[in-house]
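pasting the structure only:
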Ligand code: PEP
Ligand code: MG
């Protein structure tokens, strides 16, 4: 018989089943269940509980009912915890109440359902009042059960309960729930039961077992609820995992002023500061804190309120953090002075906090540097390099009276957008109208997640740093300010008011999740500086050290690198090169020289060169361009002193340098009609030339090496400019390492035709300038034929650089300029393509071509240098592939360099060769010595 249920003291059994893997334990009993089991084993005070496995959930999803034997096992486990708690489920004299809480393998905070106080019925309530003599607590607990059960199990809208409560409090003149007395809650129980009945046509169940089975079913069902599904899509969590259900003995934080409930993080999840950050509420139950319904007290205050419990809490959480070697997110309840831990899990954190915590923990010796590197994702590094509000612009906005309010800085970053007051609208305007939206709510609930994800920022007027809005925003890296209580939101009028200012839906605001400030209107943002982010710099340095380690990579064959990937950059101008270098790039992998041709003072010369009818006229124009190019290259070599610089010779088709044909045509026609003759002939000539250059699919046309062979003067000038600049720099003491890259090779014959001519120019310049330096000639691999014939191509080329933009285009036969807007989205939606192949390398097709090309190329030339310079060079998944197939480096845009450094280290650590186990015989011999 399958075992569907595990008791609080059965951790070893689960571990055995999981083959000793903790990850396996989490897969079986969920993250929350695993944490509870582990805490129980460590003798942390956890109320007795049992867990129904994720497998039971999966079986339920398939069959639509509990799997055979599950309910019997549940009842048996219930008997067991009754014994441990000394109470009996459904027994009015001494009742056991339980909670029913979801818990998947990967934590999905707030995405699934929880029901507390199960087991309370009319009879049990009366019995408890007699026994506990705390009437207020009993009726408060009961009304919570009716509400939670009604909304979660029966799907009754929250308002059906919230509105009557608001009305009741208004009638009584109460502001807060805490003012409600026993008789008030008793009356509310009646009102809630009535609301329950009128909403779903059923009587609130008076059979505790029915409550328990329906609640368990509801938790199973919540796995497939919209918000859980949306969350999994965003986080890439497989739908097949299922959630476990934890049935736990209730302990009560609402038993009076010696009781409390709270949530806390062992370090600040927003900044990473090594300081407990949490909140608690006296005389309340768990969900009140998370929902941000009442403003909670900071956890430090507990020191005054309940010093013993506080001391114990600090000791336990310190122990837990050490045990898991990571920041913990804990839930606790104090029942009449006794502390109970209800949950511990690795806490979600902002990108900033992730970096600080990883570096601090490595420095504290809690984890290794490699672990620290692994703890931060490339996406988090990306988030840290996102814009922040410009300081001066904020001061100016304040002076101009645009400051609206200050709330809690729950998730850092700058967001500018148009406000919408509900999740659906925020999502609709973001997705369908392509607006930058800011979702504004008094507080958020799990149903709002889709609107938050679609928005640039989130703003709430209630709730604290551990409220739902804060936790979710942090997790997704969405800038968020919560609890900006000066803002009064009117959901009916769809407006918000601060002081005398009213903003309506669609108005612009700027939300600063870093400082907690909110402004009306748009505030300009500024790029963050990497240099100022000390911990990130340290982490990236550790990442580089991982990649520089010898034998971190197994060499696939002769010539393959055994260190990790280097990160180079795609940069066309010295200022970009300098920025990339400061971001940690150690080479230029692609300088697209034609970008320099577009500068305003050069374009007319380029056009003249293109229109030249004789070789002399062309050379004349090129001679004018040469000093410009030399200067460009000089700047690059200087910026990259000591690093390789790959300069690609001209690539695009010539018509790209010409004026727009349609516009010119219109001008010519207008001049003709109006009888204007002055300048008409020139324009007509230009139009004819453009027409002759026209190609129906220019991306496959006269470009790259084909253009160079048709018009060698251009690249001859470029190579002269490169070598002259390199020579000048070398004479100034700069260490130059030029590499000349020929684009779009399809056959080695093209290289055989062009390369020797260019090499001759290079040598001639070195002789003229009386200076020598090392250089390379290589090619881009952008055409499948070049990849397939790589063994031949490598005979000529000293390096390969995969131009994966073109290689993807030509391998798939998709136009890179049109596919994304035309059909790629449909292809992804229909599951024909899993990912956009222009963003992430298609390993099976394009990736396989690359892999074989490297193998074949290095067979011909073991020292062949291999890189990538297509957009994929900055994509973590593609970087991992480049590591696997034996690239020497990846090259990406300057802003992605830090991300790529971390991704390269991740790949190196993930695929680190396992050291062969020492032969037992040898070990013994050594031991004898
Ligand atoms: C490429 O094709 O991947 C590449 C880097 O060249 P471009 O994008 O300039 O065609
Ligand atoms: Mg290309």
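Alright, I've got the coordinates. Predicted model only: the values in this text are computed from it and were never measured. Ligands and ions are numbered 1, 2, ... in the order given.

Regarding residue 853, what is its secondary structure?
Following DSSP: H, G, I helix; E, B strand; the rest coil, we place residue 853 in the helix state.

Relative to residue 800, how far out is it?
Look at residue 853 and residue 800: by Cβ to Cβ, to the nearest Å, they are 7 Å apart. Where you see a C-beta, it was placed from the backbone N, CA and C, and this is true even at glycine.

Need the overlap of contacts for these two.
By the contact definition Cβ atoms under 8 Å, 6 or more residues apart in numbering, residue 853 and residue 800 are jointly contacted by 781, 790.

which one of those two has more residues nearby?
More crowded of residue 853 and residue 800, by other Cβ atoms under 10 Å: residue 800, with 30 against 26.

what's the helix or strand for the more buried one?
Here residue 800 sits within strand 799-802, counting by DSSP states H and E.

which residues are contacting that strand?
Applying Cβ under 8 Å, 6+ apart, the contact partners of strand 799-802 are 589-590, 646, 739, 741, 776, 778-782, 790, 793-794, 850, 853-854, 857, 864-870, 887, 891.

for the record, mean pLDDT for the very next helix or strand once past that strand?
Later in the chain than strand 799-802, the nearest helix or strand by DSSP H and E is helix 804-812. Per-residue pLDDT over helix 804-812 has a mean of 94.

shaky segments in the chain?
109-112, 132, 286-295, 465-466, 475, 820-821, 916-929 (pLDDT under 70).

how about the residues of it near ligand 1?
By Cβ under 6 Å from any ligand atom, the residues of the chain that approach ligand 1 are 590, 592, 651, 782, 803-806, 869-870.

Pipe those into JSON lines and attach distance to residue 32 per row.
JSON lines is the format used below for those (distance: Cβ to Cβ, whole Å):
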{"residue": "590", "distance to residue 32": "48"}
{"residue": "592", "distance to residue 32": "52"}
{"residue": "651", "distance to residue 32": "55"}
{"residue": "782", "distance to residue 32": "50"}
{"residue": "803", "distance to residue 32": "48"}
{"residue": "804", "distance to residue 32": "42"}
{"residue": "805", "distance to residue 32": "45"}
{"residue": "806", "distance to residue 32": "49"}
{"residue": "869", "distance to residue 32": "46"}
{"residue": "870", "distance to residue 32": "43"}
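
Who are the contact partners of the closest residue to residue 240 other than its chain neighbours?
Computed as Cβ to Cβ, 6 or more residues apart in numbering, the closest residue to residue 240 that is not its neighbour in sequence is residue 58, at 6.9 Å. By Cβ under 8 Å, 6+ apart, residue 58 lies in contact with 240-242.

swap in residue 39?
Shown here is residue 39, whose contacts under the criterion Cβ under 8 Å, 6+ apart are 46, 320, 341, 344.

Does the last one have any beta-bridge partners, and if so which?
Think residue 344. Taking DSSP bridges, one obtains residue 330 as the residues bridged to residue 344.

and the closest residue to ligand 1 within the stretch 401-550 of the chain, what does it touch?
Nearest residue of the stretch 401-550 of the chain to ligand 1, counting by Cβ to the nearest ligand atom: residue 547, 22.4 Å away. For residue 547, the residues meeting the contact criterion (Cβ under 8 Å, 6+ apart) are 563-566, 901, 904-905, 908.

Any chance of the residues you listed in a markdown table with secondary structure and neighbour count as columns?
Listed next are the contacts of residue 547 as a markdown table, based on DSSP: H, G, I helix; E, B strand; the rest coil; neighbours: other Cβ atoms under 10 Å:
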| residue | secondary structure | neighbour count |
| --- | --- | --- |
| 563 | coil | 15 |
| 564 | coil | 27 |
| 565 | coil | 27 |
| 566 | strand | 25 |
| 901 | helix | 31 |
| 904 | helix | 27 |
| 905 | helix | 31 |
| 908 | helix | 23 |
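
Now the two most distant members of the residues you listed.
Within the contacts of residue 547, 563 and 901 form the most distant pair, 13.6 Å apart (Cβ to Cβ).

about what we covered before: turn the contacts of residue 39 into a markdown table, columns for secondary structure.
A markdown table is the format used below for the contacts of residue 39 (three-state DSSP):
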| residue | secondary structure |
| --- | --- |
| 46 | coil |
| 320 | helix |
| 341 | strand |
| 344 | strand |
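
so which of those comes closest to ligand 1?
When the contacts of residue 39 are compared for distance to ligand 1, the smallest value, 47.1 Å, is given by residue 344; criterion: Cβ to the nearest ligand atom.

okay, now the residue of the stretch 651-800 of the chain found nearest ligand 1: neighbour count?
When scored by Cβ to the nearest ligand atom, the stretch 651-800 of the chain has residue 782 as its residue closest to ligand 1, at 4.9 Å. The number of residues packed around residue 782, counting by other Cβ under 10 Å, is 26.
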